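In: Structure here, sequence nowhere to be found:
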């Protein structure tokens, strides 16, 4: 039987990628392991299901049972067969229905005569035992560059029972998109998928009266009601970190391909998908990997975790990065602090619930899985044309200097390296190679977000903030190099500033105090009350895990 629809809201918006974005096709191709989704016209696009899933997931994060029911009344609901049978037995049949929200596929939008060129990123896991690339943990991913725009159309069907809730939820989603709080696609915590609204149009079309129906058929509409209440969402406390820094020497991430006159090139990415200007880039995945490794090092040292296994296959790597805590003083301690902070690999939500015990669909107590820490891609503060960089890649050795100067890269140098034969003590045959090293390059701040709503309780939140401050202390002390060649004289960095912005922390006094953390005199300065509170929580956690007293 058809359901009653009185009117509908039509939302047209243009989203622009603040960072590169990847929405996968679900299969490999001959060019890359993780290919972009394309439609029947062979155009890059974002499926409506991916957009709807991201929007609904943002609304549901941290929601209690009442809020979940309100969300389901608009977005639809269907239970699993097993859960349905249990509910029918306990409370009677559930009211399942299809979604009132229809999201169309979003095709990449480009002006006439322009095109968006996809980029390929390499990914690799680091063996915690050897410090080198882990065996069988190598892949590449195709991404759409920063500045890519795509048009999104959302239709929301309204009736008397759901119209106020639907309008309120759409308003909350629009505000979240304006603030860059909703990400799309894969690797959202590793630099990708950050978008913002460039244009937004909301209109309403009526179906009850003949004039309204005819106007709708002609493509007409009218402005929607503006006096509806805002949808009540649970508090989602978070901390955003803006870290000013500068390289102390050459710094780069290696590109996936070689040049003609030089072997190793720095990774570049478009800073505007339409103009085509490029710049050097530190992917969020690379920065996050360095930060996670230091957090693991701190945790393993304090908890005296030994016996890290050698990576021979993929499953070994997944087990290796799971820093398990020896004690299980309370339920959530079966997962490590590192997993809560940086995510769990190789475990589905269903498996997590099975290990932890079903919470009956209540999402107010988050399960580990998605990382609580997300880091954006970081671009250098210079630009050069794509044609100029293509000339650098194709230049022969005697032409390289001229093409670099033409691109404005006067501080980039070709440096030669050679491996030493351990028997002869001379240069090894066939092991001479060169690297194009960028020097004297200024970079954007590193932008990091810690989503505390992903963490289950106040103790775990304090532990996570303490862990991040310890990592930042080490970053300020120059103990965390970034990028390629970190053990061969490259990647040294110096912190120049730090700004922490607490968000949505009403009533959480200790969290508000994190805004007073500063960088001065080459070290972190933490308010005394906050430092004492975090230290007490940190010592108590360590004592529960090890049974030892920490001063």
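Out: On my side now, so go ahead. Since this is a predicted model, take the numbers as computed values, not measurements.

In: partners of residue 150 in the sheet?
Out: Residues in a beta bridge with residue 150, per DSSP bridges, are residue 15, residue 108.

In: hey, where'd the strands end up in the stretch 1-150 of the chain?
Out: Using DSSP state E, counting those that start in this stretch, the strands assigned to the stretch 1-150 of the chain run over residues 7-17, 45-46, 101-103, 106-109, 119-126, 133-143, 149-158.

In: Ignore what I typed, I meant the stretch 451-551 of the chain.
Out: Going by DSSP E, counting those that start in this stretch, the stretch 451-551 of the chain shows strands at 493-503, 518-520, 523-525.

In: Show me what the first one is packed against.
Out: When you say that, I think you mean strand 493-503. Applying 3 or more Cβ pairs under 8 Å, 6 or more residues apart in numbering; DSSP states H and E, one finds that strand 493-503 contacts strand 238-247, helix 458-476, strand 518-520. Yep, even glycine has a C-beta here, placed from its N, CA and C like the rest.

In: starting at the chain centroid, how far to the last one?
Out: For strand 518-520, the separation from the chain centroid amounts to 26 Å (computed by Cα atoms, centre = their mean, to the nearest Å).

In: May I see the buried residues of it?
Out: Using 16 or more other Cβ atoms under 10 Å as the test for burial, strand 518-520 gives residue 519.

In: on contacts alone, who are the packing partners of that strand?
Out: With contacts taken as 3+ Cβ pairs under 8 Å, 6+ apart, strand 518-520 sits against strand 493-503, strand 523-525.

In: Out of these, the one nearest residue 471 is which?
Out: Checking the helices and strands packed on strand 518-520 against residue 471 by Cβ to Cβ gives strand 523-525 as the closest, at 10.6 Å.

In: who touches the closest one?
Out: Residues outside strand 523-525 that contact it (Cβ atoms under 8 Å, 6 or more residues apart in numbering) are 469, 472, 473, 476, 477, 498, 517, 518, 519.

In: How about stretch 99-106?
Out: Under the criterion Cβ under 8 Å, 6+ apart, residues 15, 39, 45-49, 51-52, 55, 74-76, 150-158, 162, 166 lie in contact with stretch 99-106.

In: still on that earlier bit, could the strands of the stretch 451-551 of the chain go into TSV alongside distance to residue 197?
Out: Listed next are these as TSV, based on distance: least, Cβ to Cβ, whole Å:
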stretch	distance to residue 197
strand 493-503	19
strand 518-520	33
strand 523-525	35
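
In: Deepest-packed of those, please.
Out: strand 493-503 (a mean of 17; mean count of other Cβ atoms under 10 Å).

In: which outside residues touch that one?
Out: Contact with strand 493-503 is made by 236-248, 251, 445, 472, 475-476, 478, 480-482, 511-512, 514-515, 517-519, 524, as judged by Cβ under 8 Å, 6+ apart.

In: That strand - what's its average pLDDT?
Out: Mean per-residue pLDDT for strand 493-503: 94.

In: What of stretch 387-396?
Out: For stretch 387-396, mean pLDDT is 92.

In: buried residues in it?
Out: 388, 389, 391, 392, 393, 395.

In: just how off-centre is it within its chain?
Out: Mean-position distance between stretch 387-396 and its chain equals 32 Å (Cα atoms, centre = their mean).

In: go on, stretch 251-267?
Out: Remark: stretch 251-267 is offset 25 Å from the chain centroid, using Cα atoms, centre = their mean.

In: Kindly report the same for stretch 242-252.
Out: Worked out by Cα atoms, centre = their mean, stretch 242-252 lies 21 Å from the chain centre.

In: Any buried residues in that stretch, and which?
Out: Burial within stretch 242-252, assessed by neighbour count using 16+ other Cβ under 10 Å, is assigned to 243, 245, 247, 250, 251, 252.

In: show me what contacts residue 246?
Out: Residues in contact with residue 246 (Cβ under 8 Å, 6+ apart) are 442, 443, 493, 494, 496.

In: can you put those residues in CSV and add distance to residue 192?
Out: Formatted as CSV, the contacts of residue 246 follow (distance: Cβ to Cβ, whole Å):
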residue, distance to residue 192
442, 23
443, 19
493, 22
494, 27
496, 26
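
In: can you list the strands of the stretch 1-150 of the chain in JSON lines and add distance to residue 199, mean neighbour count and mean pLDDT?
Out: Listed next are the strands of the stretch 1-150 of the chain as JSON lines, based on distance: least, Cβ to Cβ, whole Å; neighbours: other Cβ atoms under 10 Å; pLDDT from 0 to 100:
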{"stretch": "strand 7-17", "distance to residue 199": "4", "mean neighbour count": "19", "mean pLDDT": "85"}
{"stretch": "strand 45-46", "distance to residue 199": "17", "mean neighbour count": "22", "mean pLDDT": "88"}
{"stretch": "strand 101-103", "distance to residue 199": "17", "mean neighbour count": "20", "mean pLDDT": "89"}
{"stretch": "strand 106-109", "distance to residue 199": "10", "mean neighbour count": "19", "mean pLDDT": "84"}
{"stretch": "strand 119-126", "distance to residue 199": "25", "mean neighbour count": "20", "mean pLDDT": "77"}
{"stretch": "strand 133-143", "distance to residue 199": "23", "mean neighbour count": "18", "mean pLDDT": "76"}
{"stretch": "strand 149-158", "distance to residue 199": "9", "mean neighbour count": "20", "mean pLDDT": "87"}
